[in-house]
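[1] Sequence first, then the predicted structure:
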Amino acid sequence: NSLLIAVVVSLMSIAVGLPAARALALHQFRGKVIIEWLLMVPIIVPGIVATMGIHQVFIRLRLTDTFIGVCLVHLIPCIPYMVLVMSSVFANYGTELEDTARTLGAGPFSVFRFVTLPGILPGLLVSTMFTFLISWGQYITTFLIGGGTIITLPMVLFPFISGTNYSNAAAISLVFVAPAILVLVLTSRQLGQESAVMG
């Protein structure tokens, strides 16, 4: 569950955060500063406070105790990191190559695949790693929205930590940390290859 939720949340973060980050970085519009401040709210406000309010909404929408409900509530703290990291990437990104590709007849998908994606890939990998790790470590949000129906690794780990069975807690901790380390190693390797190519 933890791995599947973290992957789904990462993909949702890309789908939602990438266009938002591009718009914030490359365009000027009324209310931009307000939107940037609103993006910081999930980081500033304690998670349990936000989740309690969201819980009432999710009950009405029948999203509690569901997989998609847990994914959506994980998305809330992940989006700011995706948007903030990618905004800084797009702020240093020139659109001239995209314009050239369109002039030569490339469609939107081809422009994104062959021009935009290679240019933003290192930053996208970093922001995706952040969102994966944030979702992977969520406890309170999963507990409240999942209602004990959606069981993730933090929900299994925390009772062992608060108890006296330290050997089981240590074993589960290793399983909990392993994917995070794997994501970090893969991302670092990819970034290293990108730097070598650019150099």
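    Perfect, I can see it now. Numbering: from 1, shown residues only.

[2] quick one, helices of the protein?
    2-26, 32-44, 47-60, 67-91, 96-103, 108-111, 117-136, 140-146, 153-162, 166-198 (DSSP state H).

[3] any chance of the ones you listed in JSON lines, plus mean neighbour count and mean pLDDT?
    Heads up, the C-betas are built off the backbone N, CA and C, glycines and all. What follows is these, written out as JSON lines (neighbours: other CB atoms under 10 Å; pLDDT from 0 to 100):
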{"stretch": "helix 2-26", "mean neighbour count": "19", "mean pLDDT": "92"}
{"stretch": "helix 32-44", "mean neighbour count": "12", "mean pLDDT": "85"}
{"stretch": "helix 47-60", "mean neighbour count": "14", "mean pLDDT": "84"}
{"stretch": "helix 67-91", "mean neighbour count": "21", "mean pLDDT": "91"}
{"stretch": "helix 96-103", "mean neighbour count": "13", "mean pLDDT": "89"}
{"stretch": "helix 108-111", "mean neighbour count": "12", "mean pLDDT": "90"}
{"stretch": "helix 117-136", "mean neighbour count": "20", "mean pLDDT": "88"}
{"stretch": "helix 140-146", "mean neighbour count": "21", "mean pLDDT": "88"}
{"stretch": "helix 153-162", "mean neighbour count": "16", "mean pLDDT": "74"}
{"stretch": "helix 166-198", "mean neighbour count": "13", "mean pLDDT": "70"}
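
[4] Burial check on Thr116, number of neighbours?
    Neighbour count of Thr116, defined by other CB atoms under 10 Å: 20.

[5] Disregarding residues adjacent in the polypeptide, which is nearest to it?
    Distance criterion CB to CB, 6 or more residues apart in numbering; nearest residue to Thr116, sequence neighbours excluded, is Glu98 at 6.3 Å.

[6] and the most centrally placed residue in the chain, how far is that from Ile140?
    Nearest to the mean C-alpha position of the chain, counting by CA atoms, centre = their mean, stands Thr131 at 2.5 Å. Separation of Thr131 from Ile140 (CB to CB, to the nearest Å) stands at 17 Å.

[7] ok, the residue nearest to Thr116 - contacts?
    By CB atoms under 8 Å, 6 or more residues apart in numbering, the contact list for Glu98 reads Val111, Val115, Thr116.
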